[in-house]
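[1] Sequence below, structure please.
(one chain, ligands or ions: 2)
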Amino acid sequence: MSKREYSQDNSDSEEQESTSSNETESTSESDSSDSSSSSSEESTTSSSSEETSEENSSSSEDEETETKTKTNGQVVENKQSFSDGKSLPWMVGKNHTFPVAGTEFTIDQRYQYIKKIGHGAYGIVISAKDRFENESVAIKKIMGVFDRLTDAKRTLREIKLLKHFNHENILCLTDLLIPPVKENFTSVYLVTELLATDLRQIINSEQQLSEDHIRYFLYQIIRALKYLHSGKVIHRDLKPGNILLNENCDLKICDFGLARISDPEEENHLLTQYVATRWYRSPEIILSWGEYTSAVDVWSTGCIFAEILNRKPLFPGKDFMHQLKLITMVVGKPSKKEINSLENEKARKFMKKLPNRKQFDFHKLFPSASEDAIDLLSKMLQFNPQKRITVEESLEHPFFATIHDPDDEPICEETFDFSFEKDKLTKGKLRRLIYNEIIDFHKKKRQTYKEK
Ligand SMILES: Nc1ncnc2c1ncn2[C@@H]1O[C@H](COP(=O)(O)OP(=O)(O)O)[C@@H](O)[C@H]1O
Ligand SMILES: [Mg+2]
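    Ligands and ions are numbered 1, 2, ... in the order given. Sure, this is the predicted structure:
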């Protein structure tokens, strides 16, 4: 199938917020029936006492950046070179500082600010001109990285994952800015390829979307998921704001701060509590229902599919009880046996009380959708994750018959190693790990630069 063109009618809007606060809350596996929401991710693991004197101890990396920083905030000298004296030819070596939406960006002069393009829960994203490559890039500033242990972990996770992935439908990291001061930096800047917009903006625009558009969007999301899941990674926060698009309809998934391992044996201690976007959250997460797997991403993809079809969120729950009510109204109430298998007593009681319902007629709910679209959608939106269609099966579904190409749907050869999450990570340790990841990125880049 040829890629469909669409006119970009709103990519210029500067102040698009990618996350509505209404959509995001934290959930706790141990108390999923409590509607009160807390604002912190994995807050139970975070404690200021974990901050130790390690914070400022020197580390053993053999490569350092030579840095001079003026104290007036206008950092100008930031000579980026390794200890062997060789400079990094792709950096100017001088920073400049400019205000963006109430914060300051301090970045190498290689990048010239164009405008703010995004604002999520964790970062501010700008577009910039890369003077070295002579192209436009996106730069995400993650602020207050070490304010909470969970934010530092999230940042380390996102950096490691972005470095690990190499797939057409996953956002590609092009640079990681070296912090001017290794010991006490508080922000991290991720540079990635620039895309025109995100799916949230497209859905909210007047842009007409044909079924071919929708098919192509969906196909690329699922193609990316095949790669992620084969590398044992679950994204866990798929939503329109985390799906980027170009004018030619090329699509890339971004925002990997919540991603996790999909190996059931590893899960229990990792998946205790986290913040994700409620509207796209699967029933098994809301109900702490057994182990949860890559099927959570299929659920979110189903919600996104429905939202593209009807141009409005399918399950805009106000809190998670409301979320469950909305879900069961559309997909039906699970069987008694399924409800009895819920471990959480409160969750069981709540589900039992909900009125009995069968799946709503999807033809009525999605009047513009074809038979194939409706069939796939109803298979993705199965309440029970074990009955939900998998990513591999989705690719084989007749809805994708015209574009599915088994020879061009690569898997991730190397499983991502999440074992660092198991170590006792203090803020000081995380600072060093993040710094080392950044230096390692430049080391590898220098290697390929030499080879060129
Ligand atoms: N490479 C990019 N190209 C275009 N827009 C982007 C890019 N990266 C992020 N954005 C925009 O910025 C928003 C926030 O980025 P994201 O990585 O999701 O941060 P957060 O973790 O704060 O949600 C996205 O929803 C998107 O609108
Ligand atoms: Mg986001």
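[2] Below-threshold pLDDT in the chain: ranges please.
    1-86, 262-276 (pLDDT under 70).
[3] how about the nearest residue to the residue most central in space within it, chain neighbours excluded?
    Centroid check for the chain by CA atoms, centre = their mean gives Asp255 as the closest residue, at 2.5 Å. Spatial nearest neighbour of Asp255, excluding adjacent residues (CB to CB, 6 or more residues apart in numbering): Asn242 at 4.2 Å. C-betas here are computed from N, CA, C, even on glycine.
[4] show me where this structure has helices.
    For the chain, the helices defined by DSSP state H occupy 149-164, 199-204, 211-230, 264-270, 283-286, 295-310, 320-331, 336-340, 345-353, 362-365, 371-380, 391-396, 427-451.
[5] Next, the contact list for Val296, please.
    Ile234, Arg236, Arg281, Ser282, Glu284, Ile285, Pro385 (CB atoms under 8 Å, 6 or more residues apart in numbering).
[6] Which two of these have the greatest separation?
    For the contacts of Val296, the maximum inter-member distance is 13.5 Å, found between Arg236 and Pro385 (CB to CB).
[7] If you count surrounding residues, which of these two has more?
    Arg236 (25 against 20; other CB atoms under 10 Å).
[8] Where does the stretch 251-400 of the chain get nearest to ligand 2, residue-wise?
    Scanning the stretch 251-400 of the chain for proximity to ligand 2 using CB to the ion identifies Asp255 as nearest, at 3.8 Å.
[9] Go ahead and confirm Asn95 touches Arg110.
    No - under the criterion of CB atoms under 8 Å, Asn95 makes no contact with Arg110, lying 9.9 Å away.
[10] related to what we said a few turns ago, of all the helices of the chain, which one comes closest to Phe416?
    Across the helices of the chain, closest to Phe416 is helix 149-164 (CB to CB), at 5.3 Å.
[11] I figured the residue of the stretch 251-400 of the chain closest to ligand 2 hits Asp237, correct?
    Yes - Asp255 is within contact range of Asp237, at 6.3 Å (criterion: CB under 8 Å).
[12] residues near the residue of the stretch 51-200 of the chain found nearest ligand 2, how many?
    Closest residue of the stretch 51-200 of the chain to ligand 2, CB to the ion: Gly120 (3.6 Å). For Gly120, the count of nearby residues is 20 (other CB under 10 Å).
[13] Just confirm it contacts Asp237, I think it does.
    No - with contact defined as CB under 8 Å, Gly120 does not count as touching Asp237 (9.9 Å).
[14] How about the residues of the chain by ligand 1?
    Contact residues, the chain versus ligand 1 (CB under 6 Å from any ligand atom): 18-19, 117-118, 120-123, 125, 138, 140, 171, 192-195, 198, 241-242, 244, 254-255, 257.
[15] for the nearest residue to Pro283 once chain neighbours are set aside, phi and psi?
    Spatially, and ignoring its direct neighbours in sequence, Pro283 is nearest to Phe383 (5.2 Å; CB to CB, 6+ apart). Torsion angles at Phe383 (phi, psi; degrees, to the nearest 10) stand at phi -60, psi -50.
[16] contacting residues around Phe383?
    Contacts of Phe383 (CB under 8 Å, 6+ apart): Pro283, Ile327, Thr328, Val331, Gly332, Lys333, Pro334, Glu338.
[17] ok, it to ligand 1 distance?
    27 Å (CB to the nearest ligand atom, to the nearest Å).
[18] and what of Cys303?
    As judged by CB to the nearest ligand atom, Cys303 and ligand 1 stand 16 Å apart.
[19] I figured that residue hits Lys312, correct?
    No - here Cys303 does not reach Lys312: they are 11.3 Å apart, not a contact under CB under 8 Å.
[20] residues in contact with stretch 150-161?
    40-43, 45-46, 122, 142, 144-146, 173, 176, 188, 190, 233, 255-259, 416, 418, 420-421, 425, 427, 430-431, 433-434, 437-438.
[21] So among these, which ones count as buried?
    Those of the contacts of stretch 150-161 that meet the buried threshold are 41-43, 45-46, 122, 142, 145-146, 173, 176, 188, 190, 233, 255-259, 416, 418, 425, 427, 430-431, 433-434, 437-438, by 16 or more other CB atoms under 10 Å.
[22] picking up where we left off before, check contacts around the residue of the stretch 251-400 of the chain closest to ligand 2.
    Asp255 makes contacts with Gly120, Glu158, Asp237, Gly241, Asn242, as judged by CB under 8 Å, 6+ apart.
[23] correct me, but Gln221 touches Thr301?
    I think there's a mix-up here, since residue 221 is Ile and not Gln. Yes - counting by CB under 8 Å, Thr301 is a contact partner of Ile221 at 5.6 Å.
[24] shared neighbours, those two?
    Listed as contacting both Ile221 and Thr301 by CB under 8 Å, 6+ apart are Leu238.
[25] Tell me both backbone torsions, phi and psi, for Ala401.
    phi -50, psi -40.
[26] which residues sit in contact with it?
    Applying CB under 8 Å, 6+ apart, the residues near Ala401 are Asp372.
[27] let's see it at 10 Å
    Ala401 makes contact with Arg215, Asp372 under the criterion CB atoms under 10 Å, 6 or more residues apart in numbering.
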